[in-house]
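> need a structure here:
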Amino acid sequence: MEYINIFVKSIFIDNMIFAFFLGMCSYLAVSKTVKTSAGLGIAVTFVLLITVPVNYLLNKYVLEPGALAWLGEKFANIDLSFLSLIMFIAVIAAIVQIVEMVVEKFSPSLYNSLGIFLPLIAVNCAVMGGSLFMQQRGYSNIGEVSCFALGSGIGWLLAIVGIAAIREKLRYSHIPPALKGVGITFIITGLMGMAFMSFMGIKL
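Numbering: from 1, shown residues only. Predicted coordinates for the structure are as follows:
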């Protein structure tokens, strides 16, 4: 039950876009078509699903105070937590590089559509935020961490695909010139964020 709670909460209540506004650069720039948005969303979900559990293990067995006790008593007092940020970034960058090579190999059209935003997943705030939230919330095992990572990725995927679908429909709408493009997207994002706030009343 706790796994379901974490999974659903990370999708709807603690949505990376609508609750914390993380990953907004890619969200705004790529969300012009549903197909491209879905491709990027799946890539971000995959990166989150791999990097957050890996960073959890890295934090638990290497970085946090006393984590190196498994090496022996003389290592029990070592605290490497000051290296957390740089180590998390290194793991994320490595996984993103692998994802980029796989997408280029098996889906060149998607690779060309995503352009510079595929390698920029490495600096996507949502991906880094996933690892930092994991560390902050103190999940007790890798199962909870994996549920959180998957839910966060799916939440980001739903957000970017949702706004892309709306933006496709907006092409046939009469929008004031000053609001066309990013302007109307900001307004709709705010409205969607308010809509997602209604999920905060859910008790699981």
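
> In this protein, which helix is the longest?
Ranked by residue count under DSSP state H, the longest helix found in the chain is helix 142-170.

> mind listing what's buried in that one?
Within helix 142-170, the residues that qualify as buried by neighbour count (16 or more other CB atoms under 10 Å) are 144-164, 166-167, 170. The way it works is simple: take the backbone N, C-alpha and C, and place the C-beta from them, glycine included.

> Report the mean confidence score over the following helix or strand past it.
Using DSSP states H and E, the next helix or strand after helix 142-170 towards the C-terminus is helix 182-196. The average pLDDT within helix 182-196 is 89.

> Quick check: which ranges of this protein have low pLDDT?
202-204 (pLDDT under 70).

> residues in contact with Met128?
With contacts defined as CB atoms under 8 Å, 6 or more residues apart in numbering, the neighbours of Met128 are Phe88, Ile89, Ile92.

> And the strands in this protein?
If DSSP state E is used as the criterion, the chain turns out to lack strands entirely.

> contacting residues around Ile78?
Taking CB under 8 Å, 6+ apart as the criterion, Ile78 is in contact with Pro65, Gly66, Ala67, Leu68.

> Take these and write them to CSV, including distance to Asn5.
Formatted as CSV, those follow (distance: CB to CB, whole Å):
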residue, distance to Asn5
Pro65, 28
Gly66, 29
Ala67, 27
Leu68, 32
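
> which of those count as buried?
Burial of the contacts of Ile78 was assessed by neighbour count (16+ other CB under 10 Å); the buried members are Ala67, Leu68.

> What is the nearest of the contacts of Ile78 to Phe106?
Distances from the contacts of Ile78 to Phe106 were compared by CB to CB; the smallest belongs to Ala67, at 37.2 Å.

> quick one: the closest one from Ile142, how far?
Using CB to CB, to the nearest Å, we find Ala67 at a distance of 15 Å from Ile142.

> ditto for Gln136
When CB to CB is the yardstick, Gln136 and Ile142 sit 17 Å from each other.

> for Tyr3, same thing?
Shown here: Tyr3 relative to Ile142, a distance of 11 Å by CB to CB.

> Next: Ile116.
In this structure, Ile116 and Ile142 are separated by 33 Å, where distance is defined by CB to CB.

> How about Gly72?
With distances defined as CB to CB, the gap from Gly72 to Ile142 amounts to 24 Å.

> Ser81 now?
Going from Ser81 to Ile142 by CB to CB gives 19 Å.

> now Leu110
30 Å.

> and stretch 65-74, how far apart are its ends?
13 Å (CA to CA, to the nearest Å).

> can you list contacts of that stretch?
Identification of contacts with stretch 65-74 by CB under 8 Å, 6+ apart yields Asn59, Lys60, Tyr61, Val62, Phe75, Ala76, Asn77, Ile78, Asp79, Leu80, Ser81.
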